[in-house]
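Asks: Here's my sequence, what's the structure:
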Amino acid sequence: MAIVGKYISIEKVIEETKEQYYESLVESSAQWHEGENNYAPFVGYYLSVLLRVYRDFSSRVGYVFKHGISKPQRVRGT
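Replies: All right, here's what the predicted structure looks like:
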C-alpha cells in the first residue's frame, strides 16, 4: 500500500473514469448555445472524483496511524 506521503492524483482518477467524464461534459453542454445548459452533471461527476480522492487519502492516513509508521519511514516511502 502506498503511504500518505505520496500524492494522490486527481488526474489519474479522471483518466480511470474518462467515459463518465466525457458523458458528463456532453450532458452539461446540451443546449449551451441557447443558454439553457445544466452544469449539474459535470459538477456531480467532479464532486464524485473529489470524494474518491478524499477517501483514498483518508485510507492512507488511517494506514499510517494504524501501523505506527514514523516520519522518517514516510519520507523514505517504506
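
Asks: For the rest of this, base every contact and every neighbour count on C-alpha atoms.
Replies: Noted.

Asks: Would you indicate which residues of the top helix by length along the chain are buried?
Replies: Counting by DSSP state H, the longest helix found in the chain is helix 40-67. Of all the residues in helix 40-67, those buried under the rule 16 or more other Cα atoms under 10 Å are 41-42, 45-46, 49, 53, 57, 60, 63-64.

Asks: Same check on stretch 24-42?
Replies: 24-25, 28-29, 41-42.

Asks: Let me have the residues you listed in CSV, extended by pLDDT and distance to residue 13.
Replies: Output for these, formatted as CSV (pLDDT from 0 to 100; distance: Cα to Cα, whole Å):
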residue, pLDDT, distance to residue 13
24, 98, 15
25, 97, 16
28, 97, 20
29, 97, 22
41, 98, 17
42, 98, 15
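
Asks: ok, those residues vs residue 16, which is closest?
Replies: residue 24 (14.4 Å; Cα to Cα).

Asks: Tell me how far the closest one lies from residue 55.
Replies: As defined by Cα to Cα, to the nearest Å, residue 24 lies at a distance of 22 Å from residue 55.

Asks: Report the helix or strand with the lowest average pLDDT across the chain.
Replies: Here the helix or strand of the chain ranked lowest by mean pLDDT, DSSP states H and E is helix 71-76, holding a mean of 64.

Asks: Can you dump the C-alpha atoms of the helix or strand hosting residue 11 in CSV for me?
Replies: Assigned by DSSP states H and E, residue 11 belongs to helix 10-16. The C-alpha coordinates for helix 10-16 follow below in CSV (Å, rounded to 0.1, in the frame of the first residue of the first chain):
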residue,chain,number,x,y,z
ILE,A,10,-7.0,13.7,-9.4
GLU,A,11,-5.9,13.4,-13.0
LYS,A,12,-5.4,9.7,-12.6
VAL,A,13,-8.9,9.2,-11.2
ILE,A,14,-10.3,11.3,-14.1
GLU,A,15,-8.3,9.1,-16.6
GLU,A,16,-9.7,6.0,-14.9
